[in-house]
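S.K.: next comes the sequence, and after it the predicted model I'd like to discuss.
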Amino acid sequence: RALHQRLRPIEIPVTGGLLGLRVGWTNQTALPDLNTVHRLDDLRRFTLLQGLGWSDVDVFDAAGLRTYTARSESFFRLVDNNRVQLFPRGLSELAAEAVIVQSTAPKTLLDPNLLMAYPFAGFFYVSPKNEPLADAIRRGFEQAMSDGSYQRLLEEVIMTPWLRKNLNLSSRNVLVLNNREAQDVLGAVDPRHWMIPWNDLLEGRISKGAALCEIVELRQLCLPGF
């Protein structure tokens, strides 16, 4: 909100809303208990991990979830020692972190059961005085979306074979959180620019990952990896 007031936003989500889909790293001993989570209420008995100063903490706090914050160098040590039970991460971050987990955290694995979802986005910002640049960025986005290159880029960079193999989106329970702090800002986004059906999620019409696999823009996530 502060950035929107100080700078000129180009209100097109850079990754179409994929930033708001989160899957968590967990300790293997916590996995049986996490497998019993079907609703947001069930998750409130666990401790989640996030970084110091991350805005996701506000989202979790508002949902009544317990969150422990730490510096990045401690993340996977905390998970591997079972000091926290779930470390939610964005889909685009998981593949790189899997390499770290494999080499440093032998008791840590990707939780296969849950997908946390809350409206979340990154925007480009320019100087309030630089309207020509803002218009150019917007035109570039619009053109890339209309010719299909935007979707292809997201599939190449984020919806990788590793992610498709390990995500198992269709079998996940979806836990939806509100993001009231950013509600006004995100409400200004043209619905055409979201890949994620936030209204259906927030109003409870989607609770299973299989329903997300029916969304044309997300189908690539549900294809078998190799």
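M.R.: Here it is on my side, so go on.
S.K.: neighbours of residue 101, how many?
M.R.: By other C-beta atoms under 10 Å, the residues close to residue 101 number 18. Where C-beta positions appear, they are placed from N, C-alpha and C, glycine not excepted.
S.K.: nope, residue 109 is what I meant
M.R.: Neighbour count for residue 109, taken as other C-beta under 10 Å: 17.
S.K.: before we move on, which element is it in?
M.R.: Per DSSP states H and E: residue 109 is located in strand 108-110.
S.K.: could you measure from residue 181 over to residue 190?
M.R.: Between residue 181 and residue 190 the computed distance is 21 Å (C-beta to C-beta, to the nearest Å).
S.K.: those two: which is more packed in?
M.R.: The neighbour comparison of residue 181 against residue 190 (other C-beta under 10 Å) goes to residue 181, with 14 against 10.
S.K.: for that one, which non-adjacent residue is spatially closest?
M.R.: Using C-beta to C-beta, 6 or more residues apart in numbering and skipping residues adjacent in sequence, the residue nearest residue 181 is residue 58, 5.2 Å away.
S.K.: the one you found is in what secondary structure piece?
M.R.: Using DSSP H and E, residue 58 falls in helix 56-62.
S.K.: next SSE downstream of that helix?
M.R.: Criterion used, DSSP H and E; the element after helix 56-62 is strand 66-70.
S.K.: from the contact counts, what lies against that next one?
M.R.: strand 47-51, helix 56-62 (3 or more C-beta pairs under 8 Å, 6 or more residues apart in numbering; DSSP states H and E).
S.K.: between the ones you listed, which gets nearest to residue 13?
M.R.: helix 56-62 (15.9 Å; C-beta to C-beta).
S.K.: touching the closest one from outside, list them.
M.R.: The contact list for helix 56-62 (C-beta atoms under 8 Å, 6 or more residues apart in numbering) reads 22, 48, 50, 67, 69, 88, 118, 120, 177-181.
S.K.: list buried residues within those.
M.R.: 22, 48, 50, 67, 88, 118, 120, 177, 179 (16 or more other C-beta atoms under 10 Å).
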